[in-house]
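# need a 3D model of the sequence below.
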Amino acid sequence: MQNIPNKTDGIDTLPAIDFNSHKNEIQDLITESGQTLAIGTTDQLRKGVSVYSRSHYVADSSGVANTLTLARPNSLKDIPAYFDGLTFSFSTANANTGAVTATFAGLASKKVRTPSDTDLIIGDILANEVYTVSYESSFDTGAGAFVLYKSQGKKLWQNQAVTITPPTDADYTLTATENGYGRLVLADGSWTATHNIIVDNTERSFLVDNSSGTYTATVKTSAGTGIAVLAGTKVWLLCDGTNVIESVSQVNNADTRLNTAAERYVGQPAGQEIVNANAGEWIKNQCTAWVTLNLATTTILDSFNVASIAKSATGKGSVTFAEAMDNTNYGGVGFVRGANSSNETIMNEDFSNTKTINTYYYTVRTGVSFADSTVVTIFFIGGKA
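So this is what the prediction gives:
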């Protein structure tokens, strides 16, 4: 704006160039705020100033994840230089994959930093979000930087996943980029056996999805023991800076049963263990084994914690447990389908053979005669310490 000296009424006159200078500047403010000059409208200057004071919103026009080129909308005039406290917002088209720089109003490129004056990491900026930054001249060792105050940081798990496909039949170490994701979806890749997934020591929580995998993957740091994520399961893990531990108990697709060996229920297949109240304690009000079988054909129809069955003679059979009992203080309760409609068919423990922690012996009779029932169901209670 031109510096025009004060004038005195009736003595001095205002040259046209001075008058037009002020008029043009006022008109520019109005038109560049998006308004059309209108005769008889007396609030356009006020509206223009209001638009300028609120129009700190900018848009990411570059479309490049880690290099932001920002410009103000509506052809508003931009600032001549950065200054402390300069604050504005911008929308994003892409998530960042590492450190970020930004230019504003055609000025020099500056780093985008965290409030603790460190470079951004993968996932600090997500696609289709709006972020607010403020310029600080003391940041980046005095070079000046934009400070990101709406950093998403470790919340990438909310909507970002990466598929891990091991290229060789060996342990796999995550790349720096893969370590930044909050959901790791495991694929077999070249694996033909159980291996390790090695993560870095960054403290974070993340989900490991092995629901489609064939093999157990132990997720660990290079020096830690880690957690085995069984095939068919998903589990939240936590890296505490040294080791990977369970954030919550592993969950199987079909149920909500713990996978911890110390807490697993006798004989249950891996991934299908029943929840215990305390690690190392057996559920006292549940069967330690059960089986439904066809004694006539020596066939297991369904079972739990049963490895095999056998028949030594008509109406005489045995059940061998998959996981042995701790003692012989267990009992078997049986139900059988009758051999005929006129006589009662019952099952009893076979006292001619002594049961062991591995095998239980039983007999089936119709009346006084031994008989091969086509459906025999035996429930085993007790036997665990």
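
# how is this protein divided into domains?
Per automatic domain parsing, the structural domains of the chain span 16-54, 57-156, 161-253, 289-382.

# so which elements touch the helix or strand hosting residue 70?
In this structure, residue 70 sits in strand 67-71 according to DSSP states H and E. With contacts taken as 3 or more CB pairs under 8 Å, 6 or more residues apart in numbering; DSSP states H and E, strand 67-71 sits against strand 57-60, strand 87-91, strand 100-104. Where C-beta positions appear, they are placed from N, C-alpha and C, glycine not excepted.

# switch to 6 Å and redo it
Applying 3 or more CB pairs under 6 Å, 6 or more residues apart in numbering; DSSP states H and E, one finds that strand 67-71 makes contact with strand 100-104.

# next SSE after the strand it packs on?
Next along from strand 100-104, by DSSP H and E: strand 110-113.

# roughly how far out does the helix or strand following that following strand sit from the chain middle?
Going down the chain from strand 110-113, the next helix or strand is strand 130-136, by DSSP H and E. On the basis of CA atoms, centre = their mean, to the nearest Å, strand 130-136 sits 28 Å off its chain's mean C-alpha point.

# average pLDDT for whichever helix or strand comes after strand 130-136?
Next along the chain after strand 130-136, taking DSSP H and E as the criterion, comes strand 145-148. Per-residue pLDDT values over strand 145-148 give a mean of 90.

# helices or strands next to the next helix or strand after strand 145-148 in the packing?
Under the assignment DSSP H and E, the closest C-terminal helix or strand after strand 145-148 is strand 162-164. Applying 3+ CB pairs under 6 Å, 6+ apart, one finds that strand 162-164 contacts strand 183-186.

# which residues of the stretch 201-350 of the chain fall in strands?
204-209, 217-220, 227-229, 233-239, 244-246, 251-252, 289-294, 299-304, 306-313, 316-321, 330-336, 345-349 (DSSP state E, counting those that start in this stretch).

# now the ones you listed in JSON lines, with mean pLDDT, distance to residue 187 and mean neighbour count?
What follows is the strands of the stretch 201-350 of the chain, written out as JSON lines (pLDDT from 0 to 100; distance: least, CB to CB, whole Å; neighbours: other CB atoms under 10 Å):
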{"stretch": "strand 204-209", "mean pLDDT": "87", "distance to residue 187": "10", "mean neighbour count": "19"}
{"stretch": "strand 217-220", "mean pLDDT": "94", "distance to residue 187": "10", "mean neighbour count": "22"}
{"stretch": "strand 227-229", "mean pLDDT": "90", "distance to residue 187": "13", "mean neighbour count": "23"}
{"stretch": "strand 233-239", "mean pLDDT": "88", "distance to residue 187": "14", "mean neighbour count": "19"}
{"stretch": "strand 244-246", "mean pLDDT": "89", "distance to residue 187": "20", "mean neighbour count": "17"}
{"stretch": "strand 251-252", "mean pLDDT": "44", "distance to residue 187": "19", "mean neighbour count": "18"}
{"stretch": "strand 289-294", "mean pLDDT": "92", "distance to residue 187": "36", "mean neighbour count": "21"}
{"stretch": "strand 299-304", "mean pLDDT": "92", "distance to residue 187": "32", "mean neighbour count": "15"}
{"stretch": "strand 306-313", "mean pLDDT": "94", "distance to residue 187": "33", "mean neighbour count": "15"}
{"stretch": "strand 316-321", "mean pLDDT": "95", "distance to residue 187": "36", "mean neighbour count": "21"}
{"stretch": "strand 330-336", "mean pLDDT": "90", "distance to residue 187": "43", "mean neighbour count": "17"}
{"stretch": "strand 345-349", "mean pLDDT": "87", "distance to residue 187": "49", "mean neighbour count": "17"}
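
# closest to residue 374 out of the ones you listed?
strand 289-294 (5.1 Å; CB to CB).

# and the closest one, what does it pack onto?
Strand 289-294 packs on strand 299-304, strand 306-313, strand 376-382, going by 3+ CB pairs under 6 Å, 6+ apart.

# nearest to residue 239, of those strands?
strand 299-304 (36.2 Å).

# what angle sits between the closest one and strand 306-313?
Strand 299-304 runs at 140 degrees relative to strand 306-313, counting by axes from the mean of the first three to the mean of the last three CA atoms, to 10 degrees.

# got any ranges where the stretch 51-200 of the chain has weak pLDDT?
51-65, 71-80, 150-160 (pLDDT under 70).

# in contact with residue 136, which residues?
Residues in contact with residue 136 (CB atoms under 6 Å, 6 or more residues apart in numbering) are residue 147.

# any idea how far residue 101 is from it?
15 Å (CB to CB, to the nearest Å).

# over to residue 88?
On the measure of CB to CB, residue 88 and residue 101 end up 16 Å apart.
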